[in-house]
Structure formats: structure tokens, C-alpha cells
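In: Return atomic coordinates for the entry below.
(one chain, ligands or ions: 1)
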Amino acid sequence: MKKMNTKIIERIERLKRKKNAIVLAHYFERPDVMAVADIVAGSTGLIEETLKANADIIVVCGVDFMAETAAILNPDKKVIAPVQRAVCPLALQLTRKELLEAKKENPGSEVLIYLNSLTETKAVADCICTAANAATIADKMDDSLPILFGPDQAVSYYVRKRTIKELITVPEYGACPVHHKIVREDLINAKVAHPEAKIVAHPECIPEVQDHADYIGSTGGMIKYCTETEADEFLVAAEVGLIHMLQKEAPTKIFYPVTTTAICGGMKKTTVVKIEEALEKEKYEVVVPREIAVDVRRAMERMFELA
Ligand code: 13P
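Out: Predicted coordinates:
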């Protein structure tokens, strides 16, 4: 990490105190952004932390759906995203219209939608899930009904391996283009170079990568596994930002990215300069239309109940 200007850190800290604000960042953010955040977590952890946040302003450094989720869960607080259009390319792959059509084609199914999707799409779901709880939730859903799941085929593969539930996945080729940059050949080469290393993978990775992994789980789950397991070396199949946090949490261990090209552009849009500006000008306020927010909240409550 480049040495950060201490002046900007001081100004950010002063603004946080003055405005009773907290800064939350996802593990895929830039290291200096994570350094000024009060809380750094995976998607599930960010949800838990926003629910407990004792602040007037919550600044969310992540992709759009993360800030929108925080706004839905905190209608009485001001939720701010330091940048606009921090797009999650996976989220764009299932529109509300497409999901409504899929629902019509599959009457009698329960709709389980991955958090990494458009907020307006999630509003027509029965339940929402994250990488951390997708398999548990699928397992606890109504046994007599098939699950209509979207939009990630790789996460669907991960869930199907862990439940006997019938999953119908929409769209046919939904995928995170960042995690799909991690291919089997890279993994095999990395394993040849580091034969003792354990392989940890995110469920958004392609099935061939998942099939070779010693552990598959959410970003938070991967950190927990790497810190708690006895191994000293790990091959990490996830967006490269996670390596920084892994190294921080387990400084005596060694982490190798399976590929260095898995970089999420949306996550890297936020900078410390943008965070200072966000706190100073209280922009960009994230507002989710009430009728959408009510429906997403209902589907999230089902997630809290089942997870
Ligand atoms: P997690 O839910 O594991 O933090 O993953 C978030 C994400 O955006 C993966 O692409």
C-alpha cells in the first residue's frame, strides 16, 4: 500500500466525529480505503454492521447494491456512497422484467435472489441470500417447492452441491466476470508452484475451480478459514483485494492470488479523496424508492429468519 497522506486521514476522522458518521468498506476495496473505514467486512458482515450502526451518517464503500441495501435497512439514517455508478457487473444480469417472466414460467416456485443483483429485481424475490448463507437458506426453504434462483450460475452450482433442493437458475449464463477470470489452468499452475498451499475459493468461481478447492465460501468465510486452519500457505481464488485483508488478519501466513487479473472495477472506484468529499458534502445520498424498499426489506427479513 502506498503511504497515505496523514492529513487526509485526520480530516476524514474529524469529519466522522463532527457528523457522527461511520465508514463501512467491503474487503474488495482499495487498501487505503479499508484503512480509513471503521468497519471492513464481506457483504453479510456489512449488512449486520449497518443494522447495529450507531451513527447519523453511514458511508458505504462498495458497489451500488451494497449502499442501497444499507439504505433499505436504515430508513432513519443518511446513507452515502462516495461514488456514483459503482456497478456490479453480475447485478446487471437479471432485470426485474426477466425475473417476472421467469416467475410466470415457473409458477409455484419460491424465488431466492442473490444479494449481488439489482435492487428492483430483489424487490420481486421471496427471499434474498448472500454467499455466506445461500446454501443454508436454500436448504431451509419450503421442501415441496422448487427454488427459482438468480442471477449467478456458479453460486447456483455451489448451492446445488449442498442441498437436495431443486434449483431453477435464471438467467442461463449469469456470472461474475471478475471471478470468472480465475480459470482452471491458472489454478493448476499455481498448485504446481505451491504444492503445500490450501486452495480457497469464492462460490462465484467457475465449477472447475470450486471442484479443486479445499474450502469454498464467502469473503468472510475465506478469512475465517485461512486464519483458523493450521496451513501456512494459501492459493486464493477471489477478487485480488481480499489478499490484503488476509495478509492483515494472518500476517505470518502466505497468500498467493491464483490470478492477479481478477479485479473488480466497481469496487476500486472509491478513493480516500472521494470519501473525504462524501463526508464533507454529504453526497451521494442513496435513496431507494419506498415501494421498492418495502419489498426488498420483506425479502431480507425472510433471509434473517432462515439464515
Ligand atoms: P461476499 O458476499 O462473499 O462478501 O462477496 C461479495 C461480492 O461482491 C463477491 O463478488
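In: which residues of the protein fall in helices?
Out: For the chain, the helices defined by DSSP state H occupy 6-19, 31-36, 43-52, 64-73, 96-105, 119-122, 134-140, 153-160, 184-193, 207-212, 219-228, 241-249, 272-281, 290-306.
In: Output the ones you listed as a markdown table; include the columns distance to V200.
Out: C-beta here means a position set from N, CA and C on the backbone, and glycine is covered the same way. Converted to a markdown table, the helices of the chain look like this (distance: least, CB to CB, whole Å):
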| stretch | distance to V200 |
| --- | --- |
| helix 6-19 | 31 |
| helix 31-36 | 19 |
| helix 43-52 | 17 |
| helix 64-73 | 22 |
| helix 96-105 | 31 |
| helix 119-122 | 28 |
| helix 134-140 | 16 |
| helix 153-160 | 13 |
| helix 184-193 | 11 |
| helix 207-212 | 11 |
| helix 219-228 | 5 |
| helix 241-249 | 9 |
| helix 272-281 | 29 |
| helix 290-306 | 24 |
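In: unless I'm mixing things up, E29 is touching V240, no?
Out: No - applying CB atoms under 8 Å, one finds E29 not in contact with V240, separated by 11.7 Å.
In: neighbours of H194, just the number please.
Out: 15 (other CB atoms under 10 Å).
In: wait, it sits on F255?
Out: No - applying CB under 8 Å as the test, H194 and F255 come out as separate, 10.3 Å apart.
In: Between E29 and V240, which is the more surrounded one?
Out: Ranked by neighbour count (other CB under 10 Å), E29 and V240 place E29 first, with 27 against 20.
In: so who does the residue lying closest to that one once chain neighbours are set aside touch?
Out: Distances taken as CB to CB, 6 or more residues apart in numbering put C61 closest to E29, at 5.1 Å, once the chain neighbours are dropped. The contact partners of C61, by CB atoms under 8 Å, 6 or more residues apart in numbering, come to 23-26, 29, 33, 37, 81-82, 270, 275.
In: what's the answer for L246, then?
Out: By CB under 8 Å, 6+ apart, the neighbours of L246 are 222-223, 226, 234, 236, 253, 255.
In: Please repeat the previous calculation with a cut-off of 10 Å.
Out: By CB atoms under 10 Å, 6 or more residues apart in numbering, the contact set of L246 is 27, 200, 219, 222-223, 226-227, 234, 236, 238, 253-255, 257.
In: ChimeraX command for the buried members of the residues you listed?
Out: Remark: buried members of those, expressed as a ChimeraX selection using 16 or more other CB atoms under 10 Å:
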select :27,200,219,222,223,226,234,236,238,253,255,257
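In: For stretch 110-122, what is the distance to the chain centroid?
Out: Taking CA atoms, centre = their mean, to the nearest Å, one finds stretch 110-122 lying 13 Å from the centre of the chain it belongs to.
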